[in-house]
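# Everything below, folded, please.
(chains A and B)
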Number of protein chains: 2
Amino acid sequence: MNEIKIFSPATVANVSCGFDVLGFCLDTIGDEMVVRKTKDKGIRITKIEGYDLPFEAHKNVAGVSALALMEVAQPHCGFEIEIYKKIKPGSGIGSSSASAAGSVWAINQLLGSPFNKTQITNFAMKGEALASGCEHADNIAPAIFGGFTLVKSCTPLQVLAIPSPSKLYATIIHPEIEIKTAEARAILPKQIALKKAITQWANLGSLVHAMHTSDYELISDSLNDIIVEPFRSQLIPYFDVVKTESIKAGALGAGISGSGPSIFALSKGKAAAEAVAHAMKKVYSKTDINFDIHLSKINMEGIRVIKSN
Amino acid sequence: MNEIKIFSPATVANVSCGFDVLGFCLDTIGDEMVVRKTKDKGIRITKIEGYDLPFEAHKNVAGVSALALMEVAQPHCGFEIEIYKKIKPGSGIGSSSASAAGSVWAINQLLGSPFNKTQITNFAMKGEALASGCEHADNIAPAIFGGFTLVKSCTPLQVLAIPSPSKLYATIIHPEIEIKTAEARAILPKQIALKKAITQWANLGSLVHAMHTSDYELISDSLNDIIVEPFRSQLIPYFDVVKTESIKAGALGAGISGSGPSIFALSKGKAAAEAVAHAMKKVYSKTDINFDIHLSKINMEGIRVIKSN
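The predicted structure follows:
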């Protein structure tokens, strides 16, 4: 195999009570990337379509993660990367992670898969660090593992694949406002009440149990974030209305995707997810904020091959 | 059925990262209780063996929980209760919960089981409140449901039965020192670092996943309490040594049972649990502190009938 074209999906991190640890993978939105072997060693980014991003490998998240892999793999060839960016940077659905994960996943394939998913995640985290200032796997892990993932720890990296019931659909609305990562971080309290923390971990324990038992009602009951959402939702206009209307329309729960501004909802079945999409649209249609909306089943596979030769 | 004799088991609450929500049920230590129908309405405690506890129903946890049930059930008979107390009050393995849960469980049987487990737990919580000053289900839920339980919320009461792998054994050592509940509570911080809370809920999510997948290694990796144990362990002499030696001897993990002073360890298989018991004994044998030690498989059934007629 000398060339591979892949789909590198968008992802939702910080899933309600699973703040900083739980994420899931989307199926209908993602970047496309073409990676091909070259005789010249090193990583070259030869094409970027969709958004304006740096071509220098060490300044581009896809390049940085690829370089991290190359340092370990020391292959006899180099790679050139084309990025067809569909996920808008800063939208809160893992745009930089899709690039960081996609390049190393593809290179691993072209090298005959010497690395496992956890190792690839580790390389991709180096790229993510360029974008976010710190190494985390919240979005990278679901992109690479697919489905729902719980990042138990980052050092050493431990990613758990959490099963999810088959009728789970996500609806995502991306209101076109900018949230600075620094601001989203600064707004978080450093200290929280022990009592609230207990409620949060009861909910996460319960959510993991609900996923294992395909208990949609319990998923709904558990999808609460009483720690972070009350702060960060202030940065997203109409968040509370979108959430309330989504749940009224049948969503099991809703929350902030990543650090926003995107809002996700989870629903049982496609029809419910469509009703939620309709309800979300209705809220922002009455405002002057532009938005995109995505509907997706949970992507159990993660990054996938579109074409190879 | 006019009379029933039951075994009401000891339990471990505050299982490491599952502080305040996760508990499990023991099999080899528990109270025995005899409950029989009487023509006279009301609840009478007619015998208490083992420890010195009040006979007045409204001052005895078994009596208070029974009275709570009676108020709802309004049966045409009354009940007398004999308590053969084997679990030492204040030892941290659910002594009062065994009494509170046992009486209502038995009465429910004698009435033809009109109430489900959650309802019985709710009645028993009234008795527990007499002992601990607040209604909680940490020990009552595992006594009534058996196995591992996650109390997702108290109002309304939601108890989840978490599966556990079949080779899980508990070793419990009870050093005979007194810890005042008030002191155990006062030592807890009201506020905790968000960062630590995230680690704790990652561990609990991971532990629930490990239970579902029978992954002993992950159980071991997840059995950490970085929030409460560092404070409460100060109240238990030699806690750190007992924990370290237990793990050296093969335990998957160890922690404080309830609010202490008992210390629990979980192991894979009976032989490992025995080795852990040996290691625990060795620590306290070198001190002037008396101790009891218990070894038990996880009791999947909870309270059970010994005899009925």
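# make it CA atoms for all contacts and neighbour counts henceforth
Noted.
# Stretch A:212-223 vs chain B: in contact?
Yes. Counting by C-alpha under 8 Å from any C-alpha of the partner chain, chain B is contacted by stretch A:212-223 at residue A:212.
# pLDDT on that stretch, on average?
Stretch A:212-223 carries an average pLDDT of 98.
# ditto for stretch A:57-64
In this model, stretch A:57-64 has a mean pLDDT of 96.
# List the buried residues of it.
For stretch A:57-64, burial by neighbour count (16 or more other C-alpha atoms under 10 Å in any protein chain shown) applies to A:57-58, A:60-64.
# Can you pick out the most distant pair from those residues?
A:58 and A:62 (8.8 Å; C-alpha to C-alpha).
# just to revisit the earlier point, wait, which of the buried residues of stretch A:57-64 is closest to chain B?
Nearest to chain B among those, counting by C-alpha to the nearest C-alpha, is residue A:61 at 25.9 Å.
# so that closest one touches residue A:96, yeah?
Yes. Counting by C-alpha atoms under 8 Å, residue A:96 is a contact partner of residue A:61 at 6.6 Å.
# Now the common contact residues for these two.
A:128, A:131 (C-alpha atoms under 8 Å, 6 or more residues apart in numbering or on different chains).
# ok so, going back, quick one: which of the buried residues of stretch A:57-64 is nearest to residue B:181?
Checking those against residue B:181 with C-alpha to C-alpha, the nearest one is residue A:61 at 52.9 Å.
# How about the closest one: what's its closest non-neighbour residue?
residue A:127 (4.2 Å; C-alpha to C-alpha, 6 or more residues apart in numbering or on different chains).
# That neighbour: how many residues sit nearby?
33 (other C-alpha atoms under 10 Å in any protein chain shown).
# Read off the pLDDT value for it.
Reading off the model, residue A:127 has pLDDT 92.
# Equivalent analysis for the one 5 residues further on, please.
Reported pLDDT at residue A:132 in the predicted model: 78.
# likewise residue A:155?
Confidence for residue A:155, expressed as pLDDT, is 88.
# Can you tell me the number of residues neighbouring whichever residue of the stretch 1-150 of chain A sits closest to chain B?
Chain B sits closest to residue A:21 of the stretch 1-150 of chain A, with a gap of 6.3 Å, by C-alpha to the nearest C-alpha. Close neighbours of residue A:21, defined as other C-alpha under 10 Å, add up to 29.
# Looks like it contacts residue A:151 (just checking).
Yes. The pair residue A:21 / residue A:151 is scored as a contact, 4.9 Å apart, by C-alpha under 8 Å.
# what do the two both touch?
Contacts common to residue A:21 and residue A:151, judged by C-alpha under 8 Å, 6+ apart, are A:138, B:202.
# buried residues in the lengthiest strand in chain A?
Under DSSP state E, the strand in chain A containing the largest number of residues is strand A:22-38. Using 16+ other C-alpha under 10 Å as the test for burial, strand A:22-38 gives A:22-27, A:29-38.
# swap in stretch A:10-22?
Buried residues in stretch A:10-22, counted by 16+ other C-alpha under 10 Å: A:10-22.
# residues of the helix or strand of chain A with the lowest mean pLDDT that come out buried?
Least confident helix or strand, chain A: helix A:181-186 with a mean of 84, by mean pLDDT, DSSP states H and E. If you call a residue buried by 16+ other C-alpha under 10 Å, then helix A:181-186 has these buried ones: residue A:184.
# again with stretch A:100-115
Neighbour-count burial for stretch A:100-115 [16+ other C-alpha under 10 Å]: A:100-110, A:115.
# what are the C-alpha coordinates of it, in CSV please?
What follows is stretch A:100-115, C-alpha atoms only, in CSV (Å, rounded to 0.1, in the frame of the first residue of the first chain):
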residue,chain,number,x,y,z
ALA,A,100,-3.8,14.9,14.6
ALA,A,101,-5.3,11.4,14.7
GLY,A,102,-5.9,11.0,11.0
SER,A,103,-2.3,11.5,9.9
VAL,A,104,-0.8,8.9,12.3
TRP,A,105,-3.6,6.4,11.8
ALA,A,106,-3.0,6.6,8.0
ILE,A,107,0.8,6.4,8.3
ASN,A,108,0.4,3.4,10.7
GLN,A,109,-1.7,1.7,8.0
LEU,A,110,0.9,2.4,5.3
LEU,A,111,3.6,1.0,7.5
GLY,A,112,1.7,-2.3,8.0
SER,A,113,0.2,-1.4,11.4
PRO,A,114,3.2,-1.7,13.7
PHE,A,115,1.4,0.4,16.4
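# related to what we said a few turns ago, contacting residues around the residue nearest to residue A:61?
Shown in contact with residue A:127 (C-alpha under 8 Å, 6+ apart): A:60-66, A:97, A:100.
# can you rerun that using 7 Å?
A:61-62, A:64-65, A:100 (C-alpha atoms under 7 Å, 6 or more residues apart in numbering or on different chains).
# Kindly report the residues of chain A close to chain B.
A:21, A:152, A:190-194, A:197, A:201-206, A:208-209 (C-alpha under 7 Å from any C-alpha of the partner chain).
# Tell me what residue A:157 is bridged to.
With DSSP bridges applied, residue A:157 shows beta-bridge pairing to residue A:154.
# what about it, how many residues close to it?
Other residues lying near residue A:157 total 14 when counted by other C-alpha under 10 Å.
# I'd like to know which of the contacts of residue A:127 are part of helices.
If you go by DSSP state H, the contacts of residue A:127 have A:61-62, A:64-65, A:100 in helices.
# closest to residue B:275 among those residues?
Out of these, the member with the shortest distance to residue B:275 (by C-alpha to C-alpha) is residue A:65, at 46.5 Å.
# Can you tell me how far the closest one is from residue A:34?
Per C-alpha to C-alpha, to the nearest Å, residue A:65 is found 15 Å from residue A:34.
# who's in contact with the residue of chain A most remote from its centre?
The C-alpha centroid of chain A is most remote from residue A:39, which lies 33.1 Å away (C-alpha atoms, centre = their mean). Taking C-alpha under 7 Å, 6+ apart, we find residue A:39 in contact with A:77-78.
# and it, what pLDDT?
On the pLDDT scale, residue A:39 gets 95.
# ditto for residue A:177
Listed pLDDT for residue A:177 reads 95.
# Confirm that it lies within a helix, as I assumed.
No. Residue A:177 is assigned coil when assessed by DSSP: H, G, I helix; E, B strand; the rest coil, not a helix.
# Any idea how many residues pack against the nearest residue to residue A:263 once chain neighbours are set aside?
Nearest non-adjacent residue to residue A:263, counting by C-alpha to C-alpha, 6+ apart: residue A:256, 4.6 Å away. Counted with other C-alpha under 10 Å, the neighbours of residue A:256 add up to 29.
# Buried by neighbour count: which residues of stretch A:64-84 qualify?
Quick answer for stretch A:64-84 (16+ other C-alpha under 10 Å): A:64-70, A:78-84.
# Report the separation between the two terminal residues of that stretch.
One end of stretch A:64-84 sits 17 Å from the other (C-alpha to C-alpha).
# which residues are contacting that stretch?
Against stretch A:64-84 from outside (C-alpha under 7 Å, 6+ apart): A:31-50, A:57-58, A:100, A:103-104, A:123-124, A:126-127.
# run the last query once more with 6 Å
The contact list for stretch A:64-84 (C-alpha atoms under 6 Å, 6 or more residues apart in numbering or on different chains) reads A:31-49, A:58, A:100, A:104, A:123-124, A:126-127.
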